[in-house]
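Asks: Mind looking at a prediction? Sequence and model below.
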Amino acid sequence: MFERSIEPDDIRWILVNGEVIEEYPSDTPFPSRLLVGKSRDRVLHVVAADDPMGDETYIITVYEPDPNRWDADFRRRR
């Protein structure tokens, strides 16, 4: 996220206000999900996993989706 100039506040915003577009229930050690959202005029994808026992959310990756690989609203792969 630092290489991509994505701020922690951007990620927090998307975790709270973003939309889950894919779920990965078989991911280990915790199920994860892909969220899409817009923060500071940038569309971002956030992959996050929740540890319910530790009451923590782990950020796996954050990136700007490639418009050549996603539909116009960045919610479905082409």
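Replies: Sure thing, it's come through. Numbering: from 1, shown residues only.

Asks: Run through the strands of this protein in chain order.
Replies: Applying DSSP state E to the chain gives strands spanning 19-24, 32-39, 42-51, 56-63.

Asks: so which of the ones you listed gets nearest residue 4?
Replies: Distance to residue 4, taken as Cβ to Cβ, is lowest for strand 56-63 among the strands of the chain, at 6.4 Å. Placement of C-beta: from N, CA and C, glycine included.

Asks: List the buried residues for that closest one?
Replies: For strand 56-63, the neighbour count (16 or more other Cβ atoms under 10 Å) marks 59, 62 as buried.

Asks: Next: stretch 5-20.
Replies: Within stretch 5-20, the residues that count as buried by 16+ other Cβ under 10 Å are 6, 10, 11, 13, 14, 18.

Asks: Centre-most residue in the chain?
Replies: For the chain, residue 46 is the residue whose C-alpha lies nearest the centre (Cα atoms, centre = their mean; 1.2 Å).

Asks: ok, now which ones touch that residue?
Replies: 11, 14, 15, 18, 34, 35, 37, 59, 61, 62 (Cβ atoms under 8 Å, 6 or more residues apart in numbering).

Asks: how about 6 Å then?
Replies: Residue 46 is in contact with 11, 14, 35, 62, counting by Cβ atoms under 6 Å, 6 or more residues apart in numbering.

Asks: Just the pLDDT for it.
Replies: The per-residue pLDDT reported for residue 46 equals 98.

Asks: And it, how far from residue 3?
Replies: Per Cβ to Cβ, to the nearest Å, residue 46 is found 15 Å from residue 3.

Asks: cool, residue 63 as well?
Replies: If you measure residue 63 against residue 3 using Cβ to Cβ, the figure is 10 Å.

Asks: Also residue 21?
Replies: In terms of Cβ to Cβ, residue 21 sits 23 Å off from residue 3.

Asks: These two: which has the busier surroundings?
Replies: When neighbours are counted by other Cβ atoms under 10 Å, residue 21 and residue 3 differ, and residue 21 comes out ahead with 18 against 6.

Asks: That one contacts residue 43, correct?
Replies: No. When contacts are counted by Cβ atoms under 6 Å, residue 21 is not listed as touching residue 43 (11.6 Å).
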